[in-house]
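> I would like to see how this sequence folds:
(2 chains)
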Amino acid sequence: MAMFSFMGYSQSTVSHTVKIIAHPILELKFDNSFNKTEFNFNTVSDYDNGKTNLEAVGLKVRSNKKWVISVKAGSQTFLSDNSDITEILSKALQVRKTGTQETVAIETFEQAIASGNSGGFDQNKVILDYIANPGYIKPNSYSIEITYTLTTP
Amino acid sequence: MKKSILTSLALVLLAFAANAQGSSSTTAQHTVKVIASPVLDISMTSPDDVEFAFDTPEKYEAGITKNAATQLKVKSTKSWTVKASGAAENFTSTSGDNNTELAVGDLEIGSTVITTPAVPAVLDPVTSAIITPAVPAVYGPATFADLTTTPGTTVKTGSKGGNSKSGNTFSLDYKLNPGYIAQDTYTMVVTYTISQD
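Residues are numbered from 1 along each chain as shown, chains lettered A, B, ... in the order given. Model prediction:
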(Lines give C-alpha, C1' and ligand atoms only; values in the text may rest on other atoms or scores of the structure.)
Protein backbone atom coordinates (compact mmCIF):
# COMPACT_ATOMS: atom_id res chain seq x y z
CA MET A 1 0.00 0.00 0.00
CA ALA A 2 1.33 3.45 -0.80
CA MET A 3 0.26 6.47 1.27
CA PHE A 4 0.55 10.14 0.45
CA SER A 5 -0.22 12.71 3.09
CA PHE A 6 -0.63 16.39 2.18
CA MET A 7 -0.17 18.75 5.08
CA GLY A 8 1.27 22.26 4.77
CA TYR A 9 2.00 25.42 6.71
CA SER A 10 -1.02 27.75 6.93
CA GLN A 11 -1.95 30.93 8.67
CA SER A 12 -5.52 32.08 9.18
CA THR A 13 -5.02 35.78 9.99
CA VAL A 14 -3.00 38.71 8.66
CA SER A 15 -2.96 42.30 9.96
CA HIS A 16 -1.79 45.78 9.16
CA THR A 17 -2.29 49.27 10.60
CA VAL A 18 -4.53 51.95 9.13
CA LYS A 19 -3.33 55.45 10.01
CA ILE A 20 -5.26 58.69 9.64
CA ILE A 21 -3.48 62.03 9.87
CA ALA A 22 -5.96 64.84 10.45
CA HIS A 23 -4.35 68.19 9.66
CA PRO A 24 -5.72 71.44 11.11
CA ILE A 25 -8.34 73.19 9.01
CA LEU A 26 -9.40 76.78 9.78
CA GLU A 27 -10.97 78.91 7.08
CA LEU A 28 -13.19 81.99 7.05
CA LYS A 29 -14.96 83.39 4.00
CA PHE A 30 -17.57 85.98 3.21
CA ASP A 31 -20.90 84.66 2.02
CA ASN A 32 -21.37 86.99 -0.92
CA SER A 33 -25.11 86.49 -1.00
CA PHE A 34 -25.21 88.91 1.96
CA ASN A 35 -23.73 92.29 1.13
CA LYS A 36 -25.43 95.43 2.44
CA THR A 37 -22.53 97.54 3.58
CA GLU A 38 -23.78 100.96 2.45
CA PHE A 39 -25.98 103.34 4.43
CA ASN A 40 -27.77 106.33 2.95
CA PHE A 41 -28.78 109.00 5.42
CA ASN A 42 -31.43 111.05 3.60
CA THR A 43 -34.02 112.11 6.17
CA VAL A 44 -34.15 113.68 9.57
CA SER A 45 -35.42 110.39 10.93
CA ASP A 46 -32.34 108.64 9.58
CA TYR A 47 -30.09 111.06 11.50
CA ASP A 48 -32.24 110.92 14.61
CA ASN A 49 -32.61 107.18 14.83
CA GLY A 50 -29.75 105.76 12.86
CA LYS A 51 -30.20 103.07 10.27
CA THR A 52 -30.11 99.28 10.34
CA ASN A 53 -29.11 97.00 7.52
CA LEU A 54 -30.51 93.56 8.32
CA GLU A 55 -28.52 90.57 7.06
CA ALA A 56 -25.80 92.97 5.99
CA VAL A 57 -22.88 90.52 6.16
CA GLY A 58 -22.60 86.76 5.78
CA LEU A 59 -19.64 84.75 7.04
CA LYS A 60 -18.92 81.04 6.74
CA VAL A 61 -16.41 78.87 8.53
CA ARG A 62 -14.87 75.45 8.03
CA SER A 63 -12.80 74.09 10.85
CA ASN A 64 -11.95 70.87 12.64
CA LYS A 65 -11.86 72.66 15.98
CA LYS A 66 -14.17 74.93 17.90
CA TRP A 67 -13.87 78.49 16.60
CA VAL A 68 -14.49 82.14 17.41
CA ILE A 69 -15.06 85.11 15.07
CA SER A 70 -13.96 88.55 16.23
CA VAL A 71 -14.49 91.96 14.63
CA LYS A 72 -12.48 95.18 14.70
CA ALA A 73 -12.21 98.47 12.83
CA GLY A 74 -9.17 99.46 10.81
CA SER A 75 -9.14 102.98 12.26
CA GLN A 76 -10.53 104.85 15.23
CA THR A 77 -12.72 106.97 13.00
CA PHE A 78 -14.44 106.76 9.68
CA LEU A 79 -12.40 108.29 6.86
CA SER A 80 -13.74 110.88 4.45
CA ASP A 81 -13.55 110.66 0.68
CA ASN A 82 -10.08 112.15 0.68
CA SER A 83 -9.00 109.80 3.47
CA ASP A 84 -9.06 112.45 6.17
CA ILE A 85 -9.86 111.32 9.65
CA THR A 86 -13.20 112.52 10.85
CA GLU A 87 -15.11 112.97 14.03
CA ILE A 88 -17.19 109.87 13.35
CA LEU A 89 -15.89 107.24 15.71
CA SER A 90 -15.75 103.60 14.61
CA LYS A 91 -18.20 102.70 17.35
CA ALA A 92 -20.89 104.63 15.53
CA LEU A 93 -21.14 101.36 13.64
CA GLN A 94 -22.53 98.41 15.58
CA VAL A 95 -22.90 94.76 14.63
CA ARG A 96 -25.13 91.95 15.92
CA LYS A 97 -26.02 88.43 14.90
CA THR A 98 -29.20 88.54 12.85
CA GLY A 99 -32.20 87.64 14.96
CA THR A 100 -30.59 88.71 18.24
CA GLN A 101 -30.63 91.94 20.25
CA GLU A 102 -27.13 92.15 21.68
CA THR A 103 -24.97 94.57 19.72
CA VAL A 104 -21.23 95.16 19.67
CA ALA A 105 -19.93 98.66 18.97
CA ILE A 106 -16.97 98.19 16.65
CA GLU A 107 -13.64 99.41 18.02
CA THR A 108 -10.04 99.11 16.90
CA PHE A 109 -9.48 96.09 19.15
CA GLU A 110 -10.93 92.63 18.49
CA GLN A 111 -14.25 91.68 20.04
CA ALA A 112 -15.82 88.22 19.75
CA ILE A 113 -19.17 88.19 18.01
CA ALA A 114 -19.79 84.52 17.12
CA SER A 115 -18.56 81.04 17.96
CA GLY A 116 -19.19 77.48 16.82
CA ASN A 117 -18.05 73.88 16.55
CA SER A 118 -16.10 71.87 13.98
CA GLY A 119 -17.70 71.37 10.62
CA GLY A 120 -17.89 72.61 7.06
CA PHE A 121 -19.33 75.75 5.51
CA ASP A 122 -22.83 74.29 5.43
CA GLN A 123 -22.83 73.83 9.21
CA ASN A 124 -21.12 77.09 10.15
CA LYS A 125 -22.82 80.20 8.79
CA VAL A 126 -23.00 83.54 10.59
CA ILE A 127 -25.24 86.36 9.37
CA LEU A 128 -24.86 89.85 10.83
CA ASP A 129 -26.81 93.09 10.94
CA TYR A 130 -25.10 96.48 10.78
CA ILE A 131 -26.48 99.44 12.71
CA ALA A 132 -25.08 102.89 11.89
CA ASN A 133 -25.92 105.78 14.20
CA PRO A 134 -23.40 108.55 13.67
CA GLY A 135 -25.65 111.45 14.63
CA TYR A 136 -25.78 114.65 12.60
CA ILE A 137 -22.60 114.39 10.55
CA LYS A 138 -21.54 116.74 7.76
CA PRO A 139 -22.75 115.70 4.30
CA ASN A 140 -20.01 113.62 2.74
CA SER A 141 -19.12 110.05 1.98
CA TYR A 142 -17.39 108.19 4.79
CA SER A 143 -15.92 104.72 5.00
CA ILE A 144 -14.18 102.44 7.45
CA GLU A 145 -12.45 99.09 7.04
CA ILE A 146 -13.91 96.26 9.11
CA THR A 147 -11.91 93.08 9.69
CA TYR A 148 -13.32 89.69 10.82
CA THR A 149 -10.83 87.25 12.33
CA LEU A 150 -11.30 83.52 12.89
CA THR A 151 -9.45 81.86 15.75
CA THR A 152 -9.64 78.71 17.81
CA PRO A 153 -10.08 79.02 21.55
CA MET B 1 14.37 -50.30 -18.31
CA LYS B 2 11.74 -49.04 -20.62
CA LYS B 3 9.29 -48.99 -17.71
CA SER B 4 11.62 -46.94 -15.49
CA ILE B 5 12.27 -44.41 -18.28
CA LEU B 6 8.56 -44.03 -18.83
CA THR B 7 8.00 -43.63 -15.10
CA SER B 8 10.73 -41.03 -14.87
CA LEU B 9 9.30 -39.19 -17.82
CA ALA B 10 5.87 -39.28 -16.28
CA LEU B 11 7.23 -38.02 -13.02
CA VAL B 12 9.05 -35.18 -14.79
CA LEU B 13 5.91 -34.27 -16.74
CA LEU B 14 3.89 -34.28 -13.53
CA ALA B 15 6.47 -32.08 -11.85
CA PHE B 16 6.28 -29.44 -14.64
CA ALA B 17 2.50 -29.60 -14.53
CA ALA B 18 2.50 -29.06 -10.76
CA ASN B 19 4.90 -26.09 -11.00
CA ALA B 20 2.89 -24.44 -13.76
CA GLN B 21 -0.40 -24.52 -11.76
CA GLY B 22 1.08 -23.21 -8.35
CA SER B 23 3.30 -20.06 -9.28
CA SER B 24 1.93 -18.27 -12.44
CA SER B 25 -0.01 -14.87 -12.10
CA THR B 26 -0.61 -12.02 -14.60
CA THR B 27 -1.89 -9.34 -12.10
CA ALA B 28 -0.84 -7.90 -8.81
CA GLN B 29 -2.62 -5.18 -6.77
CA HIS B 30 -2.37 -3.08 -3.63
CA THR B 31 -4.13 0.03 -2.23
CA VAL B 32 -2.89 3.54 -2.67
CA LYS B 33 -4.24 5.94 -0.10
CA VAL B 34 -4.25 9.75 -0.23
CA ILE B 35 -4.86 11.63 2.97
CA ALA B 36 -5.68 15.25 2.20
CA SER B 37 -5.66 17.32 5.35
CA PRO B 38 -7.41 20.68 5.38
CA VAL B 39 -5.35 23.62 4.26
CA LEU B 40 -6.40 27.17 4.92
CA ASP B 41 -3.95 29.98 4.31
CA ILE B 42 -4.24 33.72 3.84
CA SER B 43 -1.40 36.08 3.08
CA MET B 44 -1.22 39.82 2.61
CA THR B 45 0.98 40.89 -0.27
CA SER B 46 0.70 44.58 0.66
CA PRO B 47 1.35 44.62 4.39
CA ASP B 48 2.48 48.25 4.50
CA ASP B 49 0.44 50.44 6.76
CA VAL B 50 -2.31 52.29 4.88
CA GLU B 51 -2.26 56.03 5.49
CA PHE B 52 -4.95 58.67 4.92
CA ALA B 53 -3.84 62.29 5.03
CA PHE B 54 -6.64 64.81 5.54
CA ASP B 55 -4.69 67.93 4.63
CA THR B 56 -7.17 70.01 2.62
CA PRO B 57 -10.74 71.13 3.28
CA GLU B 58 -11.81 69.26 0.15
CA LYS B 59 -10.65 65.95 1.64
CA TYR B 60 -12.57 66.62 4.84
CA GLU B 61 -15.66 67.44 2.73
CA ALA B 62 -15.52 64.50 0.29
CA GLY B 63 -13.60 61.88 2.21
CA ILE B 64 -10.76 59.75 0.82
CA THR B 65 -10.97 56.46 -1.09
CA LYS B 66 -7.89 54.32 -1.57
CA ASN B 67 -8.33 51.83 -4.39
CA ALA B 68 -6.56 48.49 -3.98
CA ALA B 69 -5.38 49.53 -0.51
CA THR B 70 -4.47 45.96 0.29
CA GLN B 71 -4.12 42.68 -1.59
CA LEU B 72 -4.84 39.25 -0.11
CA LYS B 73 -4.14 35.75 -1.39
CA VAL B 74 -5.97 32.59 -0.31
CA LYS B 75 -5.18 28.89 -0.51
CA SER B 76 -7.90 26.57 0.71
CA THR B 77 -9.17 23.02 0.32
CA LYS B 78 -12.75 24.14 0.90
CA SER B 79 -14.96 27.12 0.14
CA TRP B 80 -13.90 30.02 2.32
CA THR B 81 -14.92 33.35 3.83
CA VAL B 82 -12.63 36.26 4.73
CA LYS B 83 -13.70 38.75 7.40
CA ALA B 84 -12.09 42.04 8.37
CA SER B 85 -12.13 43.26 11.94
CA GLY B 86 -10.86 46.31 13.75
CA ALA B 87 -8.99 45.97 17.02
CA ALA B 88 -11.21 48.37 18.97
CA GLU B 89 -14.47 50.32 18.85
CA ASN B 90 -12.57 53.54 18.13
CA PHE B 91 -9.33 54.58 16.49
CA THR B 92 -6.58 55.42 18.98
CA SER B 93 -5.39 59.03 18.89
CA THR B 94 -1.74 59.84 19.40
CA SER B 95 -2.54 62.73 21.75
CA GLY B 96 -4.87 60.60 23.85
CA ASP B 97 -7.39 63.45 23.79
CA ASN B 98 -9.46 62.23 20.84
CA ASN B 99 -9.98 58.52 21.46
CA THR B 100 -13.70 58.71 20.71
CA GLU B 101 -13.41 60.94 17.64
CA LEU B 102 -13.14 58.25 14.98
CA ALA B 103 -15.19 55.06 15.26
CA VAL B 104 -14.20 51.69 13.78
CA GLY B 105 -17.21 51.90 11.45
CA ASP B 106 -15.95 55.14 9.91
CA LEU B 107 -13.55 52.96 7.93
CA GLU B 108 -15.34 51.22 5.07
CA ILE B 109 -14.00 48.27 3.10
CA GLY B 110 -15.10 47.02 -0.31
CA SER B 111 -13.90 44.59 -2.93
CA THR B 112 -11.92 46.42 -5.63
CA VAL B 113 -13.70 46.78 -8.95
CA ILE B 114 -11.50 47.33 -11.99
CA THR B 115 -12.81 48.17 -15.42
CA THR B 116 -10.20 48.08 -18.14
CA PRO B 117 -11.43 50.19 -21.04
CA ALA B 118 -11.34 48.60 -24.47
CA VAL B 119 -8.53 50.08 -26.53
CA PRO B 120 -8.19 49.36 -30.26
CA ALA B 121 -5.02 47.77 -31.49
CA VAL B 122 -2.71 50.07 -33.42
CA LEU B 123 0.11 49.66 -35.87
CA ASP B 124 3.53 50.36 -34.39
CA PRO B 125 5.07 52.91 -36.78
CA VAL B 126 8.57 51.60 -36.15
CA THR B 127 8.17 47.84 -36.18
CA SER B 128 4.87 47.63 -38.10
CA ALA B 129 3.69 45.19 -35.49
CA ILE B 130 0.10 45.26 -34.30
CA ILE B 131 0.12 46.33 -30.68
CA THR B 132 -2.53 47.01 -28.05
CA PRO B 133 -1.55 50.06 -26.00
CA ALA B 134 -1.46 49.58 -22.26
CA VAL B 135 -4.00 51.70 -20.44
CA PRO B 136 -4.26 52.47 -16.75
CA ALA B 137 -6.89 50.60 -14.84
CA VAL B 138 -10.15 52.39 -14.20
CA TYR B 139 -11.61 51.74 -10.76
CA GLY B 140 -15.34 51.21 -10.63
CA PRO B 141 -17.49 52.01 -7.62
CA ALA B 142 -17.04 49.36 -4.99
CA THR B 143 -19.75 48.24 -2.60
CA PHE B 144 -18.55 49.25 0.85
CA ALA B 145 -19.37 47.93 4.29
CA ASP B 146 -18.48 49.46 7.66
CA LEU B 147 -15.58 47.83 9.46
CA THR B 148 -16.61 46.22 12.78
CA THR B 149 -14.82 44.61 15.68
CA THR B 150 -14.56 40.81 16.09
CA PRO B 151 -16.11 38.65 14.60
CA GLY B 152 -15.76 41.23 11.81
CA THR B 153 -17.29 42.13 8.47
CA THR B 154 -17.36 39.70 5.55
CA VAL B 155 -15.30 41.16 2.71
CA LYS B 156 -14.88 38.19 0.38
CA THR B 157 -15.93 34.58 -0.21
CA GLY B 158 -14.53 32.04 -2.62
CA SER B 159 -14.00 28.45 -3.72
CA LYS B 160 -11.28 25.94 -2.95
CA GLY B 161 -8.04 26.33 -4.80
CA GLY B 162 -4.64 27.96 -4.73
CA ASN B 163 -3.65 31.58 -5.26
CA SER B 164 -4.10 31.25 -9.01
CA LYS B 165 -7.71 30.13 -8.71
CA SER B 166 -9.95 32.91 -9.98
CA GLY B 167 -11.07 35.01 -7.02
CA ASN B 168 -8.46 33.69 -4.59
CA THR B 169 -6.18 36.67 -5.14
CA PHE B 170 -8.05 39.90 -4.65
CA SER B 171 -7.72 43.55 -3.67
CA LEU B 172 -9.77 45.67 -1.29
CA ASP B 173 -10.59 49.39 -1.36
CA TYR B 174 -10.62 51.50 1.80
CA LYS B 175 -12.88 54.55 2.20
CA LEU B 176 -12.95 57.09 5.00
CA ASN B 177 -15.34 60.07 5.21
CA PRO B 178 -15.36 61.05 8.86
CA GLY B 179 -16.16 64.77 8.51
CA TYR B 180 -14.18 67.44 10.35
CA ILE B 181 -12.40 65.27 12.90
CA ALA B 182 -10.08 66.96 15.40
CA GLN B 183 -6.46 67.47 14.40
CA ASP B 184 -4.50 64.40 15.52
CA THR B 185 -3.07 61.12 14.26
CA TYR B 186 -5.35 58.10 14.58
CA THR B 187 -4.49 54.40 14.18
CA MET B 188 -6.36 51.10 14.07
CA VAL B 189 -5.03 47.56 13.51
CA VAL B 190 -7.16 45.82 10.89
CA THR B 191 -7.05 42.01 10.85
CA TYR B 192 -8.23 39.68 8.09
CA THR B 193 -9.37 36.22 9.19
CA ILE B 194 -10.18 33.32 6.90
CA SER B 195 -12.50 30.44 7.76
CA GLN B 196 -13.76 27.47 5.81
CA ASP B 197 -17.43 27.12 5.04
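> element containing the residue nearest to A:V57 when sequence neighbours are not counted, please.
Excluding its sequence neighbours, the residue lying closest to A:V57 (Cβ to Cβ, 6 or more residues apart in numbering or on different chains) is A:L128, at 4.4 Å. The C-beta positions use only the backbone N, C-alpha and C, and glycine is treated the same way. According to DSSP states H and E, A:L128 maps onto strand A:125-132.
> give the burial count for A:T37, as a bare number.
Applying other Cβ atoms under 10 Å in any protein chain shown, we find 11 residues neighbouring A:T37.
> wait, the residue nearest to A:V57 sits on A:G99?
No. Between A:L128 and A:G99 there is no contact under Cβ atoms under 8 Å: 10.3 Å.
> the more surrounded of the two?
For A:L128 versus A:G99, the count of surrounding residues by other Cβ under 10 Å is larger for A:L128: 23 against 9.
> for the more buried one, give the beta-bridge partners.
Judged by DSSP bridges, the bridge partners of A:L128 are A:V57, A:K97.
> next up, the contacts around it.
Taking Cβ atoms under 8 Å, 6 or more residues apart in numbering or on different chains as the criterion, A:L128 is in contact with A:E55, A:A56, A:V57, A:G58, A:L59, A:V95, A:R96, A:K97, A:T98, A:I113.
> pLDDT at the residue nearest to A:V57, what is it?
Confidence at A:L128, expressed as pLDDT, is 97.
> skipping adjacent residues, who's closest to the most centrally placed residue in chain A in space?
Nearest residue to the geometric centre of chain A (Cα atoms, centre = their mean): A:L59, 4.3 Å. Using Cβ to Cβ, 6+ apart and skipping residues adjacent in sequence, the residue nearest A:L59 is A:V126, 4.4 Å away.
> quick check: that neighbour touching A:W67?
No. With contact defined as Cβ under 8 Å, A:V126 does not reach A:W67; the gap is 10.2 Å.
> which helix or strand in chain B has the lowest average pLDDT?
When each helix and strand of chain B is scored by mean pLDDT, DSSP states H and E, helix B:2-23 comes last, with a mean of 47.
> and after that helix, which helix or strand comes next?
Later in the chain than helix B:2-23, the nearest helix or strand by DSSP H and E is strand B:32-36.
> do that following strand and chain A meet?
Yes. Using Cβ under 8 Å from any Cβ of the partner chain, strand B:32-36 comes into contact with chain A via B:V32, B:K33, B:V34, B:I35, B:A36.
> quick one: stretch B:173-182 to chain centroid distance?
Remark: stretch B:173-182 is offset 28 Å from the chain centroid, using Cα atoms, centre = their mean, to the nearest Å.
> just stretch A:77-97 next, same as before
A distance of 20 Å separates the centroid of the chain from that of stretch A:77-97, by Cα atoms, centre = their mean.
> what's the helix or strand for A:Q94?
Using DSSP H and E, A:Q94 sits in strand A:93-97.
> helices or strands next to the next helix or strand after that strand in the packing?
Once strand A:93-97 ends, the next helix or strand along the chain (criterion: DSSP H and E) is strand A:104-105. Packing partners of strand A:104-105 (3 or more Cβ pairs under 8 Å, 6 or more residues apart in numbering or on different chains; DSSP states H and E): strand A:93-97.
> in chain A, where is pLDDT below threshold?
Scanning chain A for pLDDT under 70 picks out A:1-10.
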